[in-house]
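[1] Return a 3D structure for these sequence lines:
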Amino acid sequence: MTPDMIAMIYSYTAVGVGVILAVAAAGLGSAIGWGLICAKTLEGIARQPEMRPVLMTNMFIFAGLMESFPFIILAFAMWFLFANPFVGALAAAIGAL
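    Presented below is the predicted three-dimensional model:
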């Protein structure tokens, strides 16, 4: 194994760990959001039972928005990992030195 291969393995491992951490943080935020949304909906239903249909509709709309956040983060992470737009700028900067 050459030092270049070892450096590539370390760098790819760091990128993979970064992607996993970004997706895990987004998932944690989504789970906390789900808990807050459901708790406040149940609290509102307990206070005003006649508002149940409106509150449930709003809960599902906001829960869908909350659930999409980890997937958006995953899409950005995969975009930066596989189709990084900054690689061309980095290559140009290294070539300019």
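[2] And T57, how far from I20?
    For T57, the distance to I20 (CB to CB, to the nearest Å) stands at 35 Å. From N, CA and C alone the C-beta is placed, and that goes for glycine too.
[3] From the contact counts, what lies against the longest helix belonging to the chain?
    Ordering each helix of the chain by length in residues (DSSP state H) puts helix 3-47 first. Under the contact definition 3 or more CB pairs under 8 Å, 6 or more residues apart in numbering; DSSP states H and E, helix 3-47 sits against helix 52-82.
[4] how about the helix it packs on: buried residues?
    Neighbour counts over helix 52-82 (16 or more other CB atoms under 10 Å) mark L55, M59, F62, A63, M66, P70, I73, A77, F80 as buried.
[5] With stretch 38-52 instead?
    For stretch 38-52, using 16+ other CB under 10 Å, the buried residues are T41, G44, I45.
[6] Isn't the second one up against E50?
    So the one you mean is G44. No - G44 is beyond contact range of E50, at 10.9 Å (criterion: CB atoms under 8 Å).
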